[in-house]
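A.B. asks: Curious how this folds, go ahead:
(one chain, ligands or ions: 1)
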Amino acid sequence: RKHPLLTPGPASPLPSFPNMLPQMRPLPSSPAIHAVHRRTSPAPPSIRGLGQHGRVALVRTTAPVVCRSVASPAANQGAPAVERPWKLSDARLVLEDGSVWNAKSFGASGTQVGEVVFNTSLTGYQEILTDPSYAGQFVLMTNPHIGNTGVNSGDEESIKCFLGGLIVRSLSICTSNWRCTETLDEYLRKRNIMGIYDVDTRAITRRLREDGSLIGVLSTDQSLKDKELLEMAKNWKIVGVDLISDVTCDAPYEWVDKTGSGWEFNDNQSSETFHVVVYDFGVKHNILRRLASYGCKITVVPASWPASDVLNLKPDGVLFSNGPGDPAAVPYAVKTVQEIVGKVPVFGICMGHQLIGQALGGKTFKMKFGHHGGNHPVRDNRTGRVDISAQNHNYAVDPESLPEGVQVTHINLNDQSCAGLVFPKMKLMSLQYHPESSPGPHDSDLAFGEFVELMKNNRL
Ligand SMILES: NC(=O)CC[C@H](N)C(=O)O
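C.D. replies: So this is what the prediction gives:
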């Protein structure tokens, strides 16, 4: 299903996102103003009276200005006078339970529908925005302050943003990072992705935890009544919909890029080269970069690529990638996995893991609110080792439904759900989470080494 409701609107009512409020520029012959603090307690006398609504205070100091425009200053030239953070609410999030959340818009404007999920990562919003597994979903960041590092060309996890929209508590009023080339607002606007801020993300998260994932409609269109938006939310479905065909590549391609120096802690380059075919169900680029760093030659193929064509390439292994949506809605992909499993070593990541579960005759089910974040403890039952892992999924494999011989190797320690499998007879391994992280901790990177070992042993 495409995202039918997105109306690429005119520029949002606040068309520019300056990196600096006028108030923050050094005043001639007056002390510079270098920071904006949100306060919940009364301001000290020195700054009382400067705040807005008793909550925002500007701190005067003689220190140099620290928030600078590092993002293409030209982009903001001729921008109208800045209103943030005093901009009025101009957007609504209407959830299928009937609740209406007023917010302020950034990025694109229009009306969009999607499933709201919360992500507990503290960093990495750009990698999250470009993770194709979020297609059809609004990502709500529980970390309240988002946007302060802007965006840069090196942190993309795919060729575009496939998610429905971004929900944040506080959108940074400035960017401050040496890699930043663009603000989050500019970036989302160019990609026609809606964002909202100044909304109570803690309250929405608690609701999702209590009631489970909810469909929502985000709109800046004042002509639409709450009731109409609610109807849209109620009539939209994500379960049973094939979202993979919207995000997969059109044709096969080779991948050669490796990860940069930040990953040198795990220099496991194999002396042998293994040819891995990667099924692109919405693959994150860091999976490909890590495989390349482990010495693999990589061919990426579209989700619908025939298994026989892949086997004809005589690969050393096949990786089934992550991807959006319901694994039970893509029987063609399950069939492909079935045709490959047992013939060459395979590694499934997230959606790939769920498809392997189904291909083995097991069942997947929808979790209450899923796992999305970079702080999920996972135990490897074989060694007792606990990794802190990056996760992003709403579905899981029911281990009880799997045939004999399949071992549950990993458990999510938050809820004991199945987080990994091996089936030695079938030369198969899979993880429900993201060993490539990006964003997230690198603890589980060794899983790629395990896959290389699997391919090595198969050659013997
Ligand atoms: N990251 C993924 O591959 C997500 C898998 C699947 N779409 C889910 O939500 O469970």
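A.B. asks: got a list of what the most centrally placed residue in the chain touches?
C.D. replies: By C-alpha atoms, centre = their mean, the mean C-alpha position of the chain lies nearest to Ile128, the distance being 2.5 Å. Residues near Ile128 by C-beta atoms under 8 Å, 6 or more residues apart in numbering: 119, 121, 134, 139, 141, 163, 392, 439. For the C-beta atoms, the positions are set from N, CA and C on the backbone; glycine is no exception.
A.B. asks: pLDDT wise, what is it at?
C.D. replies: For Ile128, the model assigns a pLDDT of 98.
A.B. asks: Then the one 10 residues further on?
C.D. replies: At Phe138 the predicted local confidence, pLDDT, stands at 98.
A.B. asks: Would you check that Met351 makes contact with Asn322?
C.D. replies: Yes - with contact defined as C-beta atoms under 8 Å, Met351 and Asn322 form a contacting pair (5.1 Å).
A.B. asks: quick one: which of these two has more around it?
C.D. replies: Counting neighbours by other C-beta atoms under 10 Å for Met351 and for Asn322 shows that Met351 has the greater number, 32 against 27.
A.B. asks: Flag every residue of this structure that's near the ligand.
C.D. replies: With C-beta under 6 Å from any ligand atom as the criterion, the chain meets the ligand at residues 133, 322-325, 350-351, 392-395.
A.B. asks: could you redo the last one with a cut-off of 5 Å?
C.D. replies: 133, 322, 324-325, 350-351, 392-395 (C-beta under 5 Å from any ligand atom).
A.B. asks: how about those in CSV, adding secondary structure and pLDDT?
C.D. replies: Below are those laid out as CSV (DSSP: H, G, I helix; E, B strand; the rest coil; pLDDT from 0 to 100):
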residue, secondary structure, pLDDT
Ser133, helix, 98
Asn322, coil, 98
Pro324, coil, 98
Gly325, coil, 97
Cys350, coil, 98
Met351, helix, 98
Asn392, strand, 98
His393, strand, 98
Asn394, strand, 98
Tyr395, strand, 98
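A.B. asks: Show me the helices in the stretch 251-400 of the chain, by range?
C.D. replies: 285-293, 307-312, 331-340, 351-359 (DSSP state H, counting those that start in this stretch).
A.B. asks: Over to Asp97: give its phi and psi.
C.D. replies: phi -80, psi 0 (degrees, to the nearest 10).
A.B. asks: Quick check, it in contact with Ile204.
C.D. replies: No - with contact defined as C-beta under 8 Å, Asp97 and Ile204 do not form a contacting pair (10.7 Å).
A.B. asks: Please report the distance of Lys104 from Lys190.
C.D. replies: Going from Lys104 to Lys190 by C-beta to C-beta, to the nearest Å gives 19 Å.
A.B. asks: How about Gly240?
C.D. replies: 32 Å.
A.B. asks: Most tightly packed of the helices of the stretch 251-400 of the chain?
C.D. replies: Mean neighbours per residue, mean count of other C-beta atoms under 10 Å, is largest over the helices of the stretch 251-400 of the chain for helix 351-359, with a mean of 28.
A.B. asks: residue ranges with poor pLDDT in the stretch 251-400 of the chain?
C.D. replies: Applying pLDDT under 70 to the stretch 251-400 of the chain flags residues 267-269.
A.B. asks: what about the closest residue to the ligand within the stretch 51-200 of the chain, neighbour count?
C.D. replies: Going by C-beta to the nearest ligand atom, the ligand is nearest to Ser133 of the stretch 51-200 of the chain, at 3.3 Å. Ser133 has 31 neighbouring residues, counting by other C-beta under 10 Å.
A.B. asks: What lies in contact with the longest helix anywhere in the chain?
C.D. replies: Identified as the longest helix of the chain according to DSSP state H is helix 446-459. Outside helix 446-459, the residues that touch it by C-beta under 8 Å, 6+ apart are 266, 268, 270, 272, 274, 276, 290-291, 294-296, 316-317, 319, 344-345, 347, 427, 429, 431, 435-436.
A.B. asks: For that helix, give the mean pLDDT please.
C.D. replies: Rounded mean pLDDT across helix 446-459 is 96.
A.B. asks: got the buried residues for that helix?
C.D. replies: 446-448, 451-452, 454-455 (16 or more other C-beta atoms under 10 Å).
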